[in-house]
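Trainee: My questions concern the predicted model and sequence given below.
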Amino acid sequence: MDLPISYNWGHNLKYLEIAKKLHQESSLIVINEFPLDDNELQLFINHLGSILKESRNNNAEGVFDVKIARQNNFFTSIANSNLAFPLHTDCADFDSVPNTIGLLCVEPADENQGTNNFVYLNTLLNHLSEHAKQKLLNKKWKFRNQEKSILQKENGIYKICYDRITMESFSELSRDEIEELNNLDKIFKDLSFKIKLKKGDLILFRNDLMLHGRDEIDINSKRLIKRIRFNIN
């Protein structure tokens, strides 16, 4: 496993260097002691790329608060639940999937809860046969209104798009397809590693070159992660 590349927050951060590292296939960036502020986060990300603004974000800007939230006793989304979040790609059902994600830890969960999980695409590729790669490149799956393959290859570079929750929610999968996804999920889990974010940690990673998820959280946890999605320059 490639360890995260760490930086300390400060005005001497080398934006071009960080952006260059995020273009690499196995880069995870962690910036320590980052300000716990939406504006500071957006200003910083503006140096790296183009922020995706969404209506459900804070003030309909670029930052979304990932915390336990319910309406009429229902969670507003799986991100806003206490449930474990399987390894996935953010926005897998979008026309254009943002290629980079930032997660800023404002309030961590208790020990052994809410730990972030990651798996590198290049690690996965090293464990797949050529036949398996071709199958993942060729077979189309339904992601809401989009039909996509789990693997894509652009200019000789592999990319990944996977979100089983979306795939199962918007199509009726056959028994063979469910078994196929079960086998994939097992491979993802076996190859994954964990990172426990501390308060003030900002982690940056490629959404198209790795999968991410999280462990279960206590229902009463005050865990708060600020998420920002963007396209790296």
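Mentor: Cool, got the structure. Numbering: from 1, shown residues only.

Trainee: what about the longest helix in the chain?
Mentor: Secondary structure of the chain per DSSP state H: the longest helix is helix 175-191.

Trainee: and it, what does it pack onto?
Mentor: strand 85-88, strand 116-120, helix 121-126, helix 164-169 (3 or more Cβ pairs under 8 Å, 6 or more residues apart in numbering; DSSP states H and E). In this view, the C-beta of every residue, glycine as well, is placed from N, C-alpha and C.

Trainee: As TSV, the ones you listed with distance to N59 and mean pLDDT would be great.
Mentor: What follows is the helices and strands packed on helix 175-191, written out as TSV (distance: least, Cβ to Cβ, whole Å; pLDDT from 0 to 100):
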stretch	distance to N59	mean pLDDT
strand 85-88	25	96
strand 116-120	25	96
helix 121-126	33	95
helix 164-169	26	94
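
Trainee: Reformat those as JSON lines; add distance to L36 and mean neighbour count.
Mentor: Listed next are these as JSON lines, based on distance: least, Cβ to Cβ, whole Å; neighbours: other Cβ atoms under 10 Å:
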{"stretch": "strand 85-88", "distance to L36": "22", "mean neighbour count": "20"}
{"stretch": "strand 116-120", "distance to L36": "18", "mean neighbour count": "21"}
{"stretch": "helix 121-126", "distance to L36": "31", "mean neighbour count": "16"}
{"stretch": "helix 164-169", "distance to L36": "29", "mean neighbour count": "16"}
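
Trainee: out of the ones you listed, which comes closest to N72?
Mentor: helix 164-169 (20.0 Å; Cβ to Cβ).

Trainee: So for D37, which of the helices and strands packed on helix 175-191 sits nearest?
Mentor: strand 116-120 (21.1 Å).

Trainee: which secondary structure elements does the closest one contact?
Mentor: strand 85-88, helix 175-191, strand 193-195, strand 210-214.

Trainee: let's see it at 6 Å
Mentor: Other helices and strands packing on strand 116-120, by 3 or more Cβ pairs under 6 Å, 6 or more residues apart in numbering; DSSP states H and E, are strand 193-195, strand 210-214.

Trainee: what angle separates the last one from strand 116-120?
Mentor: Just to be clear, that refers to strand 210-214. 160 degrees (axes from the mean of the first three to the mean of the last three Cα atoms, to 10 degrees).

Trainee: I'd like the helices and strands packed on helix 175-191 as JSON lines, with distance to I232 appended.
Mentor: Putting those into JSON lines (distance: least, Cβ to Cβ, whole Å) gives the following:
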{"stretch": "strand 85-88", "distance to I232": "19"}
{"stretch": "strand 116-120", "distance to I232": "17"}
{"stretch": "helix 121-126", "distance to I232": "16"}
{"stretch": "helix 164-169", "distance to I232": "23"}
